[in-house]
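> I need the structure of the sequence given here:
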Amino acid sequence: MLRVSQNLPEQVRRLRECIASAAARSGRNATSITLLAVAKAQPAERIRVAAAQGVRDIGESYLDEALEKLAALEDLPLTWHFIGRLQANKTRPVAERFAWVHAVDRMRIAQRLSAQRPFHAPALNVCIQVNLAAEATKAGVRPADLPALAAQVAALPRLKLRGLMCIPPEESEPARQRHWFAKLRRLLEQLNAGGADLDTLSMGMSADFESAILEGATVVRIGTALFGPRPASG
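Alright, predicted model coming up:
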């Protein structure tokens with residue numbers, strides 16, 4: 001894992017260098033990869049410092065905490081992504097306040113987001129979460145059920161199905177990391193071959209983002225490798 005500096009501007013620079021290096025190895029430009037700063041449990045002022053270094057995409061998993069930060073940072077041109085598991089009774093504020101949702105895994109959630117997205121707002125960008133290894137502790141649609149769900153979500157108004165997201169099994173070997181990311185990439189390619197128009201692979205976190213980039217990631221969700229360990233609660 002990338003060594004974390006206590007100096008956040010320096011850490012942003014190091015992280016962008018690692019992303020650029022992995023992009024070059026995969027034959028892509030670093031500008032095709034979005035650094036999504038995972039800011040759960042991080043104070044708003046830390047996000048403000050990152051934003052001053054050009055980090056504009058912010059990922060949150062806890063809705064109440066996220067809404068407080070949205071209010072505190074409304075003066076900044078940030079794009080907010082909801083990346084946690086979304087409960088049906090909490091879809092409205094996400095539909096109203098966020099630009100992206102990365103973890104749609106069932107039609108009920110997608111339907112509620114569509115119905116609750118304001119008419120004056122642009123379409124809500126969504127990714128379908130895929131449970132690649134059928135892990136009982138993780139959310140996500142099974143690969144076999146993905147084509148049907150993708151077709152249903154794509155047909156909903158006020159949503160734009162952009163791509164796929166995964167949280168694969170933890171692997172220490174880069175080859176094993178790439179195995180899972182390649183599987184998600186192939187699923188996206190299969191959907192596009194069937195007529196879909198998807199452009200987003202949300203995959204890769206602090207411990208494996210370079211492997212994800214080598215397999216085509218367009219969004220890497222980075223928390224610890226950017227901000228350092230999360231602050232202790234309480």
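> F82 is in contact with Y62, correct?
No: applying C-beta atoms under 8 Å, one finds Y62 not in contact with F82, separated by 9.7 Å. C-beta here means a position set from N, CA and C on the backbone, and glycine is covered the same way.
> which of these two has more neighbours?
A side-by-side neighbour count of Y62 and F82, using other C-beta atoms under 10 Å, places F82 first with 28 against 13.
> Who does that one form a beta bridge with?
Beta bridges link F82 to E60, V101 when assigned by DSSP bridges.
> residue ranges for the strands of the chain, please.
34-38, 57-60, 79-82, 100-104, 124-129, 159-165, 200-202, 219-222 (DSSP state E).
> Describe which strands the first one pairs with in its sheet and in which direction.
So the one you mean is strand 34-38. For strand 34-38, pairing defined by DSSP bridges yields strand 57-60 (parallel), strand 219-222 (parallel).
> winner for burial among those strands?
strand 219-222 (a mean of 25; mean count of other C-beta atoms under 10 Å).
> what's that strand in contact with?
15, 19, 33-38, 57, 59, 83, 102, 200-206, 209, 212-213 (C-beta atoms under 8 Å, 6 or more residues apart in numbering).
> any idea of the mean pLDDT in that strand?
The average pLDDT within strand 219-222 is 98.
> Using PDB, write out the CA atom coordinates for that strand.
What follows is strand 219-222, C-alpha atoms only, in PDB (Å, rounded to 0.1, in the frame of the first residue of the first chain):
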ATOM      1  CA  VAL A 219     -13.200   5.400 -10.600                       C
ATOM      2  CA  VAL A 220     -11.000   4.400  -7.600                       C
ATOM      3  CA  ARG A 221     -12.400   4.800  -4.200                       C
ATOM      4  CA  ILE A 222      -9.600   5.900  -1.900                       C
END
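> what does stretch 19-31 contact?
In this structure, residues lying in contact with stretch 19-31 by C-beta under 8 Å, 6+ apart are 16, 32-33, 35, 209-210, 213-216, 220.
> List the ones among these that fall in helices.
The helices, defined by DSSP state H, take in 16, 209-210, 213-214 from the contacts of stretch 19-31.
> Give me the packing partners of the helix ranked longest in the chain, helices and strands only.
Secondary structure assigned by DSSP H gives helix 174-193 as the longest helix of the chain. When contacts are defined as 3 or more C-beta pairs under 8 Å, 6 or more residues apart in numbering; DSSP states H and E, helix 174-193 sits against helix 146-154, strand 159-165, strand 200-202, helix 209-214.
> Can you add mean pLDDT and distance to Q129 and give the ones you listed back as JSON lines?
Shown next, in JSON lines, are these (pLDDT from 0 to 100; distance: least, C-beta to C-beta, whole Å):
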{"stretch": "helix 146-154", "mean pLDDT": "98", "distance to Q129": "10"}
{"stretch": "strand 159-165", "mean pLDDT": "98", "distance to Q129": "5"}
{"stretch": "strand 200-202", "mean pLDDT": "98", "distance to Q129": "9"}
{"stretch": "helix 209-214", "mean pLDDT": "98", "distance to Q129": "15"}
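> Using a markdown table, lay out these together with distance to G194 and mean neighbour count.
What follows is the helices and strands packed on helix 174-193, written out as a markdown table (distance: least, C-beta to C-beta, whole Å; neighbours: other C-beta atoms under 10 Å):
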| stretch | distance to G194 | mean neighbour count |
| --- | --- | --- |
| helix 146-154 | 7 | 17 |
| strand 159-165 | 13 | 23 |
| strand 200-202 | 17 | 25 |
| helix 209-214 | 24 | 25 |
